[in-house]
Every structure is written in C-alpha cells, then in structure tokens.
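Trainee: turn this into a structure:
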Amino acid sequence: MNWPAGSELRIGLGCMRLSTDADRDPLQAEETIGCAVRGGITIFDTAHAYGLNESDLGHNERLLVAALRTHGAETRARIVTKGGMNRPDGGWLPDGRAASIRRDCEASLAALEGLAIDLYLLHAPDPRVPWRTSVRALARLLDEGLVRHIGLSNVTRQQLDEALDIAPISAIQVGLSLYDDRALRGGVFARCIEHGVTVIAHSPLGGVRRAATLHRDTTLRAIADSRDVTPAQVALAWLLDLSPMVVAIPGARRPETARSAAGAAHLVLSDEERLQLNEVFDVIPAKPQPSAAASTTHAGDVVVVMGIPGAGKSRLAADYVDRGYVRLNRDERGGSLKRIASDLDEQLATGVDRFVLDNTYLTRALRSYVIAAARQHGARTRCVWLDIPLDQAQVNMVRRLLDRFGALPSPEELRAASRKEPWLLSPAAQMRTLRELEPPTADEGWDDVSRVPFLREPSASASPGGVFVAADVIAQDGWHQAIAAGDADAPHLVFDWRPEGSAEDLASVVRELSAVVTGAVDVAVCPHPAGPPTCWCRPPLPGLPLALAHAHGLDVSAGTLIGQSSSHRRLADTLGARYVAFG
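Mentor: Modelled structure (predicted):
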C-alpha cells in the first residue's frame, strides 16, 4: 500500500467533532484518543480548520498532539491533517490559493509542536482558484519536505485525474459508506485502486445522524447478532472489505466508540453477508460487471439529455417525445433522480423500450443509476450532452423566468416558488451546477456519448431591438454622441446596479435621456447587495435588458448596448447586441 505502509490497522480515528461540537469536553476527548491508542489505532485525522470558528483554528491539532503525548503514542502516530479551508463566522469556505495552502501547512506544523505530518490533504477544491494552482501548491509542500505524503479531499474523478498528472497523490478522502456509494458509482474509487491511491473513507457510518440509528436496521442487526459484534462494526467491516486500499476514519466523541471502531478492523464478512448488504442498501459492488444482455443485444433505447439548467434539455426532450419516446422527468413526477431510475427499471420490465430523461444529471454517480437500470434490461444507453456556455444558459434561464412570472422575480419570490418548482434557480445555484458538472465519458457504461455544442439560432422575428444604456454613461460629457449611435425611436432602458437603491435614484438621468430620444425610456435598478448573486438583475447578468425586451416584444440581438466597462461589453456579447463603448 502506498500509504500508510506499516500501519497496524486500516481503521483511523476521525477527530473533528472533538473540537467542532459546541459541547466539546477536553477531558473526554483526551480519553477517547487514549482509548483509540490502546485499541491499536495509529491513524488520526485532524485539520487546521477543526475548531468552532476562525478564532479557534488549530484547536483540534493541539488537542490531538497533547493527547498522543499523554498516552505515549506520538512516535507511532500517523497524523493526517488538512489545509485550504477558512471558517468565517463558523462556516466553511474553501481557500485553494497557493499562499493560503502554504500558510495553513505551516500553522499546522506549529500546532503539532514537532510531530510530523504523515499525510497532508487539500480540504476541498476551491471553485474560485484554478485546480492546477492548488495541486501544484500541495506538491511544493512535499518537495520541500514539510510533509511526508500529499492527498486530496472531496474530489471528483476528473479532478483526481488532473491531479495525478501534476503531483504524486498518495491518498484521497471521500465520503463512503453503506449509505453513500457515490465514490463507487462516480468512478473515483476505481481510479484510486488503478493508480495505487489509498481511499480514506470519511463518514464511514453514514454521518452523525445515520450512525446514531445503525442499530435499527434489521439486516445489520441480524448480521451483528450472529457475530456477537455491533451493527457499526459490521458496516465498517463491509467498507474495509472493498479493497486493501481502504482506510476508514469513523468519528468518535466517546472512548467506547473509539474502542468499538478499532475492533471492526478484525471482522471479516462472508460473501453472502456482503451480497446481502449490497442488495439491502442498494450499493453497487466495487467492480460492477456489465450484464450479459447488455453485451449481446439492445432491447430498447434510453437517451439521457444532460447539461446545466438552462442548456435547452426540455426542448430537445420534446423532439424525442414527438418521435415516440416516453419522457421521465423529476420536475413532472417528483421524487429523486434515483427514483426516476427506478421508474425506468419498472417500465422497461413492462416492455416499453424508448425513453428520454432530461434532468440535470451532473455527476457520474447520479447517471450510474440510469445506466444500471438500462443494462439490467439489455437496453442501449445514449448520452446527449448539451455543452452550453454559462452566459447563454443564463439567458435561457431568465427567459424561462419571465415566461413563468411575467417579470423578473425578486430573490424572495424565487426562493418561495422553488420549493414547488425545483428548476427555479438563483444565478449562484446555476453557477454551482456548472462547477459540479462531470462531463460524460464512454467508460461510464454509455453505448454512445454525443456532445452538442451551443449554437443560438438567429431570430426569425422582425421585432425591433431596444437600446440599453448604462446609467453612468449619461453622467459624463459627450454622452449625446454615444446615444446617437442607437435608434432614437426604439424603446430605451437605463440600467444600473445600486445596492439598496431604486429607480427613483435615476430620475434625472431618465429626464435627460428622454429629452433627446423619441422612444419610450424605461429605468431599472438592481438594488441587491454584493456577494454571490441571489437575483437575476445585477449586471452583467442579463435580467434587466431581457425584461425590457419581454415587456416590449423586442429582439435583444437586434439591439444596441451603450456602456463603458468590461462587464457592459460582456453583457452585450451575451445578448448578441451591438456594443457601443463610451469613454
């Protein structure tokens, strides 16, 4: 094993809750770690960010090193710690900047008071920082001898593949349990085994809530009773049996929990018991085999139209419906994407053989349910990936919102309506789906993957275009010449972003513009605060111009946008409008 070679057990102790719980008890924490030591545990998982908030950084590392020294285990302990995470107001905010990763590592070394960092993990990918930048920063820590091994936490297979090309990744840490097999379904687990990368399973009992109710599951309890062990030990044994490359790190707050976890390392389940658990918990095996039917015949056609919200999936799905395909869509049927796969399975069993699914299947793990159901019945599975730029998906989303509400909804209206209509998203939520998207690949089990590049069809409408004017333009000398570049008879929109402002703030601007154009002059202000956008009206988001176009029946691609900043130019490009730069 690449890491942790020589460790006595493949069970470690997750120490997070010893510091992050509001009712933490330092004396009980010290005894819990001591109990783990006496049980043979040598792997201890901590992080610089494990504390109550930003002022409590390093608490868990300091607690751990003190307890290890108290119990004489400091020389044989393998310490896993993490960096690249901030705790503003007690929250969790990834920070993948190179300087931040270096700073966190140095802070961890100081908190550990001379104990070596056996494995240093990047806590989570930071969507604001190029992935290669973060991974290279991690590699430099290894090159300079600050840490013995490096790894990653909470990554997709694509991120893992990119990292493996840059740095010698020894381990990854992901959620993995009987309740959570996304790492198996998403291909992360298989890639790790292929490359000799250790898989550290956090939340190996399903997380705090599920771990507390393990004993209620009849299957786990029956196996546990027959072995004179606990249901939690059975769940951990199942996990360790996936591969010799797996290390489980159950969290513990009490000594008896640590003692029980250590005992699970010696439990070996029978083939029958493993199969029974896989079936009851609907977990795929670590190396799923294609069905015989899927490899010899195609008894149907299942098409998954995938892409981020606003990509145009519904429109393409309608074309398939017109050709006789049955549409399975969560927004219409309710439930989960996993439930949609179950519906597919049930309908394939009745002889219906052509389906189109068009929800947002962002991850390999989610798509695996559909592929597995189709293979079970020998049906062909095809993926049609609508690869659309974010700005054009934003245009599509705003147009759908205008059709739904008649005008741009406020953030409050959007939140309220989204409880019943999940497709109603804020810009931040739509951006998040793009970050989470795992592009489809043939090795997921598809019979065919086709990528459809975005192409907005030219408008066939004879509608006129409007003139969109950034309010700041009219506050400067020479603005009349800029306005003259537009159609004076067309409807005009003066727009601006003024947190806590209103349209009345631009009354004088509207009067000045109305004096030189003959078309109607509307005004629109985004009053919402800075930060991740919760509204669709903050430029360069396209909400304000599209709302004017919706109200007046305009073709924005035939319009003109007059502005003076890069965001104004970007907005014009998004709309397909002519851009007139001022200043």
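Trainee: ranking helices and strands of the chain by mean pLDDT, which lands last?
Mentor: Least confident helix or strand of the chain, by mean pLDDT, DSSP states H and E, is helix 292-296 with a mean of 42.
Trainee: downstream neighbour of it in the secondary structure list?
Mentor: strand 301-306 (DSSP states H and E).
Trainee: low pLDDT regions in the chain?
Mentor: 1-2, 5-7, 286-298, 459-462 (pLDDT under 70).
Trainee: show me how the record splits it into domains.
Mentor: Taking automatic domain parsing as the reference, the chain has its domains at 12-280, 292-453, 467-581.
Trainee: need those domains in CSV (columns: distance to Trp3 and mean neighbour count).
Mentor: All C-beta atoms are positioned from the backbone trio N, CA, C, and that covers glycine. Formatted as CSV, the domains of the chain follow (distance: least, CB to CB, whole Å; neighbours: other CB atoms under 10 Å):
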stretch, distance to Trp3, mean neighbour count
domain 12-280, 4, 19
domain 292-453, 25, 18
domain 467-581, 36, 19
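Trainee: show me the one of these that comes nearest Pro4.
Mentor: Comparing the domains of the chain by their distance to Pro4 (CB to CB), the top pick is domain 12-280, with 5.0 Å.
Trainee: end to end, how far does the closest one reach?
Mentor: End-to-end span of domain 12-280 (CA to CA, to the nearest Å): 27 Å.
Trainee: equivalent analysis for stretch 261-273, please.
Mentor: Distance between the two ends of stretch 261-273: 19 Å, counting by CA to CA.
Trainee: picking that back up, in a markdown table: the domains of the chain, plus distance to Pro4.
Mentor: Listed next are the domains of the chain as a markdown table, based on distance: least, CB to CB, whole Å:
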| stretch | distance to Pro4 |
| --- | --- |
| domain 12-280 | 5 |
| domain 292-453 | 27 |
| domain 467-581 | 39 |
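Trainee: was I right about Leu64 contacting Arg78?
Mentor: No. Between Leu64 and Arg78 there is no contact under CB atoms under 8 Å: 11.8 Å.
Trainee: shared neighbours of these two, which are they?
Mentor: Contact criterion CB atoms under 8 Å, 6 or more residues apart in numbering; residues shared by Leu64 and Arg78: Phe44.
Trainee: grab the longest helix from this structure for me.
Mentor: helix 390-405 (DSSP state H).
Trainee: where do the strands sit along the stretch 451-583 of the chain?
Mentor: Applying DSSP state E, counting those that start in this stretch to the stretch 451-583 of the chain gives strands spanning 467-470, 492-497, 521-526, 560-563, 578-581.
Trainee: with respect to Arg432, which of the ones you listed lies nearest?
Mentor: Across those, closest to Arg432 is strand 521-526 (CB to CB), at 20.5 Å.
Trainee: which residues touch the closest one?
Mentor: Contacts to strand 521-526, defined as CB under 8 Å, 6+ apart, come from residues 491-498, 501-503, 505-507, 509-510, 513-514, 535, 537-539, 543-544, 547-548, 551.
Trainee: switch to 6 Å and redo it
Mentor: 492-498, 501-503, 506, 510, 513-514, 537-538, 544, 548 (CB atoms under 6 Å, 6 or more residues apart in numbering).
Trainee: got phi/psi on the residue lying closest to Val283 once chain neighbours are set aside?
Mentor: In space, and not counting its chain neighbours, Val283 is closest to Asp181: 4.6 Å by CB to CB, 6 or more residues apart in numbering. Backbone torsions for Asp181, taken as degrees, to the nearest 10, come to phi -110, psi 30.
Trainee: what's the answer for Ser450, then?
Mentor: Per degrees, to the nearest 10, the residue geometry at Ser450, taken as phi and psi, is phi -120, psi 130.
Trainee: tell me which element the nearest residue to it once chain neighbours are set aside is part of?
Mentor: Once flanking residues are discounted, Ser450 sits nearest to Val384: 5.4 Å by CB to CB, 6+ apart. Assigned by DSSP H and E, Val384 belongs to strand 380-387.
Trainee: which helices and strands does that strand pack with?
Mentor: strand 301-306, strand 448-453 (3 or more CB pairs under 6 Å, 6 or more residues apart in numbering; DSSP states H and E).
Trainee: if we can go back for a sec, send me the longest helix of the chain as CSV with only the CA atoms.
Mentor: C-alpha atoms of helix 390-405 as CSV (Å, rounded to 0.1, in the frame of the first residue of the first chain):
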residue,chain,number,x,y,z
LEU,A,390,-22.8,29.7,-18.7
ASP,A,391,-23.8,33.1,-20.0
GLN,A,392,-26.1,31.6,-22.7
ALA,A,393,-27.6,29.2,-20.1
GLN,A,394,-28.3,32.4,-18.0
VAL,A,395,-30.1,33.9,-21.0
ASN,A,396,-32.3,30.8,-21.3
MET,A,397,-33.0,30.7,-17.6
VAL,A,398,-34.1,34.4,-17.5
ARG,A,399,-36.4,33.9,-20.4
ARG,A,400,-38.0,30.9,-18.6
LEU,A,401,-38.4,33.0,-15.5
LEU,A,402,-40.0,35.9,-17.5
ASP,A,403,-42.4,33.4,-19.1
ARG,A,404,-43.2,31.9,-15.7
PHE,A,405,-43.6,35.2,-13.7
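Trainee: which stretches of the stretch 401-550 of the chain form helices?
Mentor: Taking DSSP state H, counting those that start in this stretch as the criterion, the stretch 401-550 of the chain carries its helices at 411-418, 427-436, 479-483, 507-514, 543-552.
Trainee: Trp497 against Cys535, yeah?
Mentor: No. Using CB atoms under 6 Å, Trp497 is not in contact with Cys535, being 9.9 Å away.
Trainee: common neighbours of those two, please.
Mentor: Taking CB under 6 Å, 6+ apart as the contact rule, Trp497 and Cys535 have no neighbour in common.
Trainee: tell me which helix or strand Ala201 sits in.
Mentor: strand 198-202.
Trainee: paired strands for that strand, with orientation please.
Mentor: Applying DSSP bridges to the sheet, strand 198-202 is found paired with strand 169-175 (parallel), strand 246-248 (parallel).
Trainee: next, the contact list for the residue nearest in space to the middle of the chain, please.
Mentor: Nearest to the geometric centre of the chain sits Glu436, at 4.0 Å (CA atoms, centre = their mean). Contacts for Glu436 (CB under 6 Å, 6+ apart) come out as Leu362.
Trainee: start and end of stretch 256-272, how far apart?
Mentor: Its start and end residues considered, stretch 256-272 measures 29 Å (CA to CA).
Trainee: from the chain's centre, how far out does that stretch sit?
Mentor: Distance, stretch centre to chain centre, for stretch 256-272: 32 Å (CA atoms, centre = their mean, to the nearest Å).
Trainee: contacts for it?
Mentor: 9, 11, 13, 32, 35-36, 39-41, 229-230, 233, 236-237, 241, 250, 252.
Trainee: just the ones of the residues you listed in strands?
Mentor: Leu13 (DSSP state E).
Trainee: show residues contacting stretch 275-288.
Mentor: Identification of contacts with stretch 275-288 by CB under 6 Å, 6+ apart yields Leu178, Asp181, Leu184, Arg185, Thr219, Trp238, Leu242.
Trainee: mind picking the two most distant members of these?
Mentor: The span of the contacts of stretch 275-288, defined through CB to CB, is set by Arg185 and Thr219 at 20.6 Å.
Trainee: most remote residue from the middle of the protein, which is it?
Mentor: Distance-from-mean max, the chain, by CA atoms, centre = their mean: Ala515 at 50.3 Å.
Trainee: returning to that earlier point: select, out of the strands paired with strand 198-202, the one closest to Arg157.
Mentor: strand 169-175 (10.1 Å).
Trainee: and after that closest one, which helix or strand comes next?
Mentor: Counting by DSSP H and E, what follows strand 169-175 is helix 182-185.
Trainee: which other helices and strands does that following helix contact?
Mentor: Partner elements for helix 182-185 (3+ CB pairs under 6 Å, 6+ apart): helix 364-376.
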